[in-house]
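1. My questions are about this predicted structure, shown below with the sequence.
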Amino acid sequence: MIVRNIDDPEVQATTYLAHRGGIARMVLTSRYLKSMEFFAWAVLPPGNTLDEHVDEVEEIYFVMYGGGLMKVGEEEREIKTGDAVWIPAGEPHRLTNTTEENTFLIVVAAYPVR
């Protein structure tokens, strides 16, 4: 069993600027995970955007608190607390926090099974 907390020094050391808009921490990575690339925690301040980008992994964004305008491919919609968004590998995507408060996310990524 591995237990990690977002405030553990080892996790805090992974803090980075995510896609020019949010702050993220890698809670678990492929160093420990067998079939997933990473499990991350992220915060997106009000009005900030995770810039549009493409990943070779598929991702799930889970909104723990907050919300915003999510775009995946050509589809765009508002998301809110409790929503899970599946993002296929290779699809351009971005998220803008349209709320007045921080939006907190869990991001899980894995390479698609071929």
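-> Thanks, I have it.

2. Now do the helices in the chain.
-> Secondary structure of the chain by DSSP state H: the helices cover 9-12.

3. so where is it shaky, pLDDT-wise?
-> 114 (pLDDT under 70).

4. which non-adjacent residue is nearest the most centrally placed residue in the chain?
-> Geometric centre of the chain, nearest residue: V107, 3.4 Å, by CA atoms, centre = their mean. The spatial neighbour of V107 that comes closest, neighbours along the chain excluded (CB to CB, 6 or more residues apart in numbering), is A40 at 4.5 Å. Every C-beta, even on glycine, is put in place using the N, C-alpha and C of the backbone.

5. again with Y32
-> Using CB to CB, 6+ apart, the closest residue to Y32 is I2 (5.5 Å).

6. Same check on V108?
-> V108 sits nearest to I60 (CB to CB, 6+ apart), 4.7 Å away.

7. who touches that neighbour in this structure?
-> A84, V85, W86, I87, V107, V108, A109 (CB atoms under 8 Å, 6 or more residues apart in numbering).

8. Quick check: bridge partners of the last one?
-> Beta-bridge pairing for A109 (DSSP bridges): F38, E59.

9. ok, it touching S35?
-> No: using CB atoms under 8 Å, A109 is not in contact with S35, being 11.1 Å away.

10. quick one, which of those two is more surrounded?
-> Taking other CB atoms under 10 Å, A109 and S35 do not tie; A109 has more neighbours (21 against 8).

11. what about the nearest residue to M36 once chain neighbours are set aside, neighbour count?
-> Leaving aside its sequence neighbours, M36 sits nearest to A110 (CB to CB, 6+ apart; 4.4 Å). A110: 17 surrounding residues under other CB under 10 Å.

12. I6 too?
-> 14.

13. who's in contact with it?
-> I6 makes contact with Q12, R25, V27, W41, according to CB under 8 Å, 6+ apart.

14. Go again with 6 Å.
-> R25, W41 (CB atoms under 6 Å, 6 or more residues apart in numbering).

15. Mind listing what's buried along stretch 43-57?
-> V43, L44, N48, T49, L50, V57 (16 or more other CB atoms under 10 Å).

16. Fine by me, we can end here.
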